[in-house]
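Novice: Got a sequence here, can you model it:
(chains A and B)
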Amino acid sequence: MARFAGGKAPFVRASEEKDYGTKVIMRDVMIALLPVILFSWYKNGIQVYIDGNIGLLEMFYPLFFILIGGFLSVLMEGIFYFVTDKENRTIKSVMQKLSLSFPAIPGLILALLLPLYTPIWVLIFAAFIATIIGKMIFGGFGHNVFNPALLGYAVVGFTLMGVINNAGGLFNASEAVVDAYAGATPLGKLASSGQINYDTLVAPYGSLWDFFIGTIPGALGETSALAILFGGLYLVIRKVIKWYTPVIYVGTIFVLSWIIGAVTGDAGLWFPAYSILSGGVMFAAVFMITEPVTTPTNVLGKVFFALFLGVFTVLFRFVGSLPEGVGTSLIFMNIFTLPIDKFTAVIRTKRFKKPGGLYLGILTGLLVILAVYTLVKAGAMYTVYIPFLGWVI
Amino acid sequence: MKKFLQNNATILAFSLILVVIFVVGGIFSRFMTTEKNEFISEYKAAEELRIYYESLIEVAGKGEKVEVFTVEQLAKEYLLPSSETETYQPILNEAYKILENDLEVAVVYVITTHGREAGVKVAYAIDIEAKTLIDIKVLSNNETPSFYSALDENFFMQLSDKTFDDVVFKIDSVAGSTYSSKAFETGMKYARELFARDFNFEIPNIVYTINSIERNYDPATFVAKPFIANITYGAENMVLEAYFDSQYNLVEIISGDMPNDTYLNLFKNDFPTTSFVDLRTHVTAYDSSTRIVTIRTNGYGGMPITVAFELNETLDGVVAMQITTTQTYDEEYNDGYTGAPAPAVENAYKDAYLADGTYIDAVSSATITSNAMIRILTLMDNVLDAWNGGGN
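Specialist: Model prediction:
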């Protein structure tokens, strides 16, 4: 009989060997974030400075913003530890706890999710939500239900996006004066126009190659699929993440988008490519849905989680008022991490016997229904006319 | 206090760090926002200017670069279109030089003149070498749309490729949009004055004076040569006395030399602006055998009213009149006339004139037709006076 460890992931290894343990994992994650951080600084700082559109001091702002994000989450967590642990109110004990908690990562990821011109006080507020509400109140590292960075981003996104837009939004100085963008990101154009058309969605930003490199408008860390891939490859090689989770997630979005594109009459591969290269899909695939605490632990659980997430991402993108579906779908799926883990654990042991078969049927059935609903609902937004849909939906 | 600080030093330190980040970070992000907004404003302004300069190059039809040309206003007044006495000063808003390979090829003056309303702002592009008005671009105006829209492509074509050496430097107005037309003509003339000042161009100066225009009452010739004009022209003040026909063309010289075509065109254009005689009314025919003098004038819309006067045998009175009129009273009086239908007004004048040689007062709400009839009867009386010294 298989043995299952109880408690919440990740499971802290007792080994003190080098290159082994949770510390190493988190160090690898920070290394993997490095290409994303550097590219973000280059695209929003150095390149804009070279274009002559900002000054030298402004050139350093993107780097400053990202690093401050990381520092804020460390600071918040340190304050929390200091305040709550009345018996051990020393710097040493705080530092020790921080060394096991890896507090910088949520802050770094949060800063990478936010637009460039987010006011610092908004970042402070988001870091508070992410660290204190999203992580510490649940019990700290390993006990949180929601992805902390995403929670901070979601709260700010729903409450303070107007403030962020008034402060400058996510367009850097070079992007803000490009008429072709018309003040919209690629996904923003899809949401506003409702048209699956290469000239509308891709051409104003260059080509799909620009989407891949990341020279398109977007949040600080989400635009460069190339930089994210470097980080992802590093994490896979270092066995920090499983390769199939991001592949299944991205693949699901690719397939569903391809079908939607085909249904609207434009069956080119450009649309599914556009779908996975725009917004936060790639970033979420590598750095967020592979997060060990808030996602399922077993293989089948990860697979179902990635499949559901892909379907919800497409659904929330095409149905609903928000242009981006990644954050909302991931927050939503975090709620079901434990149930998915439990169901898939039973499926692994019981296979098709009761209740494994039932659980498999439930999960698969739900997935298929959601996928079909997503395709039908998304397809109804566009020009193709499928007669019977009008009676059904 | 000291104890408080000692007991809470760490938390205070954390808080201080947070405050520092809040303040410094806040200042930095505010600075970023302000700089971005300023950059966007400057960029948009530069872009608007670039587009504006491109439009000026397009108007000039040549050149690749625009340079601001700093010049002063030229003090020169022009008649307000709606007035015969009041004048105004056109405004030179901007001036630019158009360069090609760093050579000045054109100049653009942006001038605001007065049409029906003030504020007809137009860019006039001038070829420096050819001394020609290349084209214009209307930048803004406050004219009444229904009048302004009458200025069609044919009107604006007059403002293309117009040479500054042209002595008759004017354009034809559009009927119903005279004031708006005048705005462009004034702007064009002012542009030429500016060009003359800034580029040492000499505006052709044709000097002439129409001293007098009289009627020819000689029955043998007054049909073909109704007017006699006395004109002084040229730098040497040559004097011309000649017969002109009803279209103001010179028909026969009485004394002096034949002027060149430039002068003849000027005379022809300027005759209607004089007030020596009523040029609209003239004798169109005289049959000495039947003693019928036919006089014609223009009524509403330039449409003719013709009266054939049958004279008595002694040619000193009118015995009968035959009126041919195109007036209907409908369009010209906009339903304001409530009397008998046409030609009631003309007949009323005829009856009164034949009865006792008098002219009735202008008929209420039929003043145009009334005045036309008065002009015809006046000319007839003048003819009789010239022949006899008496009327009917």
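
Novice: tell me the contacts of residue 364?
Specialist: You didn't pick a chain, so chain A it is. When the contact criterion is Cβ atoms under 8 Å, 6 or more residues apart in numbering or on different chains, A:Thr364 has no partners at all. From N, CA and C alone the C-beta is placed, and that goes for glycine too.

Novice: hmm, I had chain B in mind actually
Specialist: When the contact criterion is Cβ under 8 Å, 6+ apart, the partners of B:Ser364 are B:Gly339.

Novice: Just the element for it, please.
Specialist: When elements are assigned from DSSP states H and E, B:Ser364 belongs to no helix and no strand.

Novice: Return the distance of it relative to chain A.
Specialist: In this structure, B:Ser364 and chain A are separated by 64 Å, where distance is defined by Cβ to the nearest Cβ, to the nearest Å.

Novice: On the pLDDT front, check that residue for me.
Specialist: Listed pLDDT for B:Ser364 reads 79.

Novice: Of all the residues in chain B, which one is nearest chain A?
Specialist: Proximity to chain A, evaluated over chain B using Cβ to the nearest Cβ, is greatest for B:Gly25 at 3.2 Å.

Novice: backbone phi and psi for the closest residue in space to that residue that isn't next to it in sequence, please?
Specialist: Sequence neighbours aside, A:Ile120 is the residue nearest to B:Gly25 in space, at 3.2 Å (criterion: Cβ to Cβ, 6 or more residues apart in numbering or on different chains). Taking degrees, to the nearest 10, you get phi -60, psi -40 for the backbone angles of A:Ile120.

Novice: Give the burial count for A:Ile120, as a bare number.
Specialist: 24 (other Cβ atoms under 10 Å in any protein chain shown).

Novice: just checking, it touches A:Ile68?
Specialist: Yes: under the criterion of Cβ atoms under 8 Å, A:Ile120 is in contact with A:Ile68, at a separation of 7.0 Å.

Novice: Now do the shared contacts for those two.
Specialist: Here A:Ile120 and A:Ile68 share the contacting residues B:21, B:25, scored by Cβ under 8 Å, 6+ apart.

Novice: In three-state terms, label the most centrally placed residue in chain A for me.
Specialist: Within chain A, one residue has its C-alpha closest to the average C-alpha position: by Cα atoms, centre = their mean, that is A:Ala284, at 2.8 Å. A:Ala284 carries the three-state label helix when classified by DSSP: H, G, I helix; E, B strand; the rest coil.

Novice: correct me, but it touches A:Leu330?
Specialist: Yes: A:Ala284 lies in contact with A:Leu330 (Cβ under 8 Å); the separation is 6.1 Å.

Novice: and the closest residue in space to A:Thr84 that isn't next to it in sequence, what is it in contact with?
Specialist: Nearest-residue entry for A:Thr84: A:Met136, 8.0 Å, with adjacent residues in sequence omitted and distances by Cβ to Cβ, 6+ apart. Applying Cβ under 8 Å, 6+ apart, we find A:Met136 in contact with A:76-77, A:80, A:84.

Novice: Spell out which parts of chain B neighbour chain A.
Specialist: Counting by Cβ under 8 Å from any Cβ of the partner chain, the residues of chain B lying close to chain A are B:10-11, B:14-15, B:17-18, B:21-22, B:25-26, B:28-33, B:35-37, B:39-40, B:43-44, B:47.

Novice: Show me what counts as buried in stretch B:98-117.
Specialist: When burial is assessed from 16 or more other Cβ atoms under 10 Å in any protein chain shown, stretch B:98-117 yields the following buried residues: B:98-99, B:105-117.

Novice: mind checking the end-to-end distance for that stretch?
Specialist: In terms of Cα to Cα, to the nearest Å, the two terminal residues of stretch B:98-117 are separated by 30 Å.

Novice: got the residues of chain A near chain B?
Specialist: Counting by Cβ under 8 Å from any Cβ, chain A sits next to chain B at A:53-55, A:57-58, A:61, A:64-65, A:68, A:71-72, A:75, A:78-79, A:82-83, A:89-91, A:117-121, A:123-124, A:167-168, A:173, A:176-177.

Novice: mind running it again at 7 Å?
Specialist: Residues of chain A lying close to chain B (Cβ under 7 Å from any Cβ of the partner chain) are A:53-54, A:58, A:61, A:64, A:68, A:72, A:75, A:78-79, A:82-83, A:89, A:91, A:117, A:119-121, A:124, A:167-168, A:173, A:176-177.

Novice: I figured A:Trp270 hits A:Trp209, correct?
Specialist: No: A:Trp270 sits out of contact with A:Trp209 when judged by Cβ atoms under 7 Å, with a separation of 11.4 Å.

Novice: For the stretch 201-350 of chain A, which residue gets nearest to chain B?
Specialist: Closest to chain B within the stretch 201-350 of chain A is A:Leu220: 13.1 Å, counting by Cβ to the nearest Cβ.

Novice: Please read the previous query as pertaining to chain A.
Specialist: Of the residues in chain A, the one nearest chain B is A:Ile120, at a distance of 3.2 Å by Cβ to the nearest Cβ.

Novice: you'd agree B:Ile254 is in a strand?
Specialist: Yes: per three-state DSSP, B:Ile254 lies within a strand segment.

Novice: I figured it was touching B:Phe244, is that so?
Specialist: No: with contacts counted by Cβ under 7 Å, B:Ile254 stays clear of B:Phe244, the gap being 10.8 Å.

Novice: Could you pull out the helices in the stretch 1-150 of chain A for me?
Specialist: Ranges of helices in the stretch 1-150 of chain A, per DSSP state H, counting those that start in this stretch, are A:22-41, A:47-50, A:56-59, A:61-84, A:91-101, A:104-113, A:120-128, A:148-159.

Novice: follow-up on the earlier one: who's more crowded, A:Trp270 and A:Trp209?
Specialist: Residue environment comparison for A:Trp270 versus A:Trp209 gives the larger neighbour count to A:Trp270, 18 against 10, counting by other Cβ under 10 Å.

Novice: which regions of the stretch 151-300 of chain B lie under the pLDDT threshold?
Specialist: By pLDDT under 70, the stretch 151-300 of chain B has no low-scoring segment.

Novice: burial measure for the residue nearest to B:Glu252 when sequence neighbours are not counted, as a count.
Specialist: Of all residues not flanking B:Glu252 in the chain, B:Tyr243 sits nearest, at 4.4 Å (Cβ to Cβ, 6+ apart). Using other Cβ under 10 Å, the number of residues around B:Tyr243 comes to 20.
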